[in-house]
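Engineer: structural data only, the sequence is not supplied:
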């Protein structure tokens with residue numbers, strides 16, 4: 001099904017790990033599927049952002065995403081505006097479901113998605129969970 005024709009019922013992303021417990025590997029990291037299978041935890045501040053080592057570890061689990069200026073960011077390109085808007089709506093659904101919202105920069109056939117946690121003025125695991133879920137939309 002073309003991305004532009006996705007509906008809310010089509011956003012399972014075929015991730016077989018959804019809803020399962022996460023088992024860390026020896027270095028304490030998880031796989032992309034593990035991140036996409038997690039749910040965001042409420043964040044009202046009062047917790048520290050991830051440190052540089054934690055950010056590097058999480059970044060390895062979200063291929064295609066970059067950490068730029070304290071945000072985890074990725075640019076997506078599409079065939080046309082219709083597909084771009086279908087993607088934007090799918091990202092909005094993830095954002096609503098996780099209650100964690102990115103900054104979006106939308107063009108005719110592009111969308112730049114940037115996550116960071118405003119409440120801690122930095123990156124948290126929630127940012128990488130959402131990045132993995134968004135990345136799974138096009139995997």
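Structural biologist: Looks like it came in fine. Remember, predicted model here, so these are calculated numbers, not experimental data.

Engineer: what average pLDDT does the one helix or strand residue 133 maps to get?
Structural biologist: Residue 133 is located in helix 125-137, with elements delineated by DSSP states H and E. Mean per-residue pLDDT for helix 125-137: 96.

Engineer: so which residues make contact with that helix?
Structural biologist: Residues outside helix 125-137 that contact it (CB atoms under 8 Å, 6 or more residues apart in numbering): 3, 11, 13-15, 32, 35-36, 38-41, 43, 50, 58-59, 61-65, 71-72, 74, 87, 90-91, 94-95, 98, 100, 102, 113, 115-117. The C-beta positions use only the backbone N, C-alpha and C, and glycine is treated the same way.

Engineer: which secondary structure element of the chain has the lowest mean pLDDT?
Structural biologist: The least trusted helix or strand in the chain, going by mean pLDDT, DSSP states H and E, turns out to be helix 32-37, with a mean of 76.

Engineer: in the helix or strand just after it, which residues are buried?
Structural biologist: Later in the chain than helix 32-37, the nearest helix or strand by DSSP H and E is helix 52-60. Across helix 52-60, burial judged by 16 or more other CB atoms under 10 Å covers 54, 55, 57, 58, 59.

Engineer: tilt between the longest helix along the chain and helix 125-137?
Structural biologist: Longest helix of the chain, by residue count under DSSP state H: helix 81-98. Here helix 81-98 points in a direction 140 degrees away from that of helix 125-137 (axes from the mean of the first three to the mean of the last three CA atoms, to 10 degrees).

Engineer: so what does helix 81-98 touch, helix or strand wise?
Structural biologist: strand 103-106, strand 110-115, helix 125-137 (3 or more CB pairs under 8 Å, 6 or more residues apart in numbering; DSSP states H and E).

Engineer: gap between that helix and the chain center?
Structural biologist: 12 Å (CA atoms, centre = their mean, to the nearest Å).
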